[in-house]
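Student: next one to model:
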Amino acid sequence: MTALNDGWFTEVFQDQGTAFSLQVTKKLHEEQTPFQKLEIYQTETFGNLMVLDGCVMLTTRDNFLYHEMMTHPALFTHRDPKKVVIVGGGDCGTLKEVLKHPGVEEAWQVEIDERVTRMSEKYFPELCEANNDPRANFFFGDGIRWMRDIEPNSVDIIIIDSTDPVGPAEGLFALDFYRDAMLALREGGIIVQQSESPLLHTDTIIKGIHEDMRKAGFEHVQTLPFPQPVYPTGWWSCTMASKENPIKYFREDDANNRPFVTRYYNAGIHHGALAMPQFMVDALEDEVRPEEG
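Tutor: Predicted coordinates for the structure are as follows:
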């Protein structure tokens, strides 16, 4: 549930008894796309705000936390990523971070709603700086079907940059989708799934992701928490899984000597994110293997 009163946009999480508000100065855009209601506001202190179906998606000020953690841990964990597929990610921020890695030869953004990308180009141009990179490819359509039809053993990293697991995104959190992703990945392949709030969803969504990824054949699964002020509880996570190699090992020297600028990610942050809070370890103890726990 959302409300816009006295210059404040408020997203209410009724089932959790909490809410989050941003002071807005202007509504910049509103439309009903074929898939969802898309709104963009100008805020007092967080820059522009994108809202989909009443839910906060991103702001200018803090999106770097999410985009950097959805990309760099996976790309520095993989030994030599050449082809990356992003399912969702219509705002293009994840694509931008992926293409900072000079070794990436091909990146695909598979997004169901083209209007999200077009409005991001207008209102979040800093996130779309890599859209004209010759390595960038765009497909606007059903990501579940696209993953089902992709050539087996053809991708190094799959990043599921989706909305919450409801509506069109629900199938991106499903065992069948993870099985299709497993077939698409090459040896040493890694999948990354945005996995909601550790405080709210460890016993439900995150545990379910761990269970389904293992059922799909991923041997190593790890959830990495990180801050995200505009999302419920201000604390978010991504879950990474690998076909063969433990997630706790990453190319630390390359992360320390990365040839590009980051605002949040570094090797120390990477190490810290691999250390799950004790309540998560306890909740996931049946899923955490000795070499990862």
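Student: surely Gly90 touches Glu121?
Tutor: No. Using CB atoms under 8 Å, Gly90 is not in contact with Glu121, being 10.4 Å away. Quick note: C-beta positions are derived from backbone N, CA and C, even for glycine.
Student: with neighbour numbers in mind, choose between the two.
Tutor: Gly90 (29 against 14; other CB atoms under 10 Å).
Student: quick check: closest non-adjacent residue to the more buried one.
Tutor: Using CB to CB, 6 or more residues apart in numbering and skipping the chain neighbours, the partner closest in space to Gly90 is Val116 (3.3 Å).
Student: what strands line up against the longest strand anywhere in the chain, and which way round?
Tutor: In the chain, assigned by DSSP state E, the strand with the most residues is strand 18-32. Strand 18-32 pairs in its sheet with strand 8-13 (antiparallel), strand 37-43 (antiparallel), by DSSP bridges.
Student: between these, which one is nearest to His201?
Tutor: Closest of the strands paired with strand 18-32 to His201 is strand 8-13, at 11.7 Å (criterion: CB to CB).
Student: buried stuff in that closest one?
Tutor: By 16 or more other CB atoms under 10 Å, the buried positions in strand 8-13 come out as 9, 11.
Student: show residues contacting it.
Tutor: Outside of strand 8-13, the residues within contact range by CB atoms under 8 Å, 6 or more residues apart in numbering are 1-4, 18-24, 41, 43, 49, 51, 54-56, 232.
Student: select only the buried ones of those in PyMOL?
Tutor: If you want just the buried ones from the contacts of strand 8-13 in PyMOL, going by 16+ other CB under 10 Å, the selection is:
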select buried, resi 20+22+24+41+43+49+51+55+56+232
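Student: how far away is the residue positioned nearest the centre of the chain from Leu95?
Tutor: Of all residues in the chain, the one closest to the mean position by CA atoms, centre = their mean is Asp161, 3.5 Å from it. Using CB to CB, to the nearest Å, Asp161 is found at 9 Å from Leu95.
Student: now swap in Ala107 and tell me
Tutor: Relative to Leu95, and taking CB to CB, Ala107 is found at 6 Å.
Student: and what of Glu244?
Tutor: 26 Å.
Student: try Phe139
Tutor: 12 Å.
Student: do the same with Gly234
Tutor: 25 Å.
Student: one step back: bridge partners for the residue nearest to the centre of the chain, pull those for me.
Tutor: Gly88.
Student: contacts only, for it.
Tutor: 70, 86-89, 94, 194.
Student: longest helix in this protein, please.
Tutor: helix 63-77 (DSSP state H).
Student: just the C-alpha atoms of that helix, please, in PDB.
Tutor: What follows is helix 63-77, C-alpha atoms only, in PDB (Å, rounded to 0.1, in the frame of the first residue of the first chain):
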ATOM      1  CA  ASN A  63      21.100   2.500  -5.900                       C
ATOM      2  CA  PHE A  64      24.800   2.000  -6.100                       C
ATOM      3  CA  LEU A  65      24.700  -0.300  -3.000                       C
ATOM      4  CA  TYR A  66      22.300  -2.700  -4.700                       C
ATOM      5  CA  HIS A  67      23.900  -2.600  -8.200                       C
ATOM      6  CA  GLU A  68      27.400  -3.100  -7.000                       C
ATOM      7  CA  MET A  69      26.600  -6.000  -4.700                       C
ATOM      8  CA  MET A  70      24.500  -7.700  -7.300                       C
ATOM      9  CA  THR A  71      27.400  -7.700  -9.700                       C
ATOM     10  CA  HIS A  72      31.000  -7.400  -8.400                       C
ATOM     11  CA  PRO A  73      31.000 -10.300  -5.900                       C
ATOM     12  CA  ALA A  74      29.900 -12.700  -8.600                       C
ATOM     13  CA  LEU A  75      32.200 -11.300 -11.300                       C
ATOM     14  CA  PHE A  76      35.200 -11.500  -9.000                       C
ATOM     15  CA  THR A  77      34.300 -14.900  -7.800                       C
END
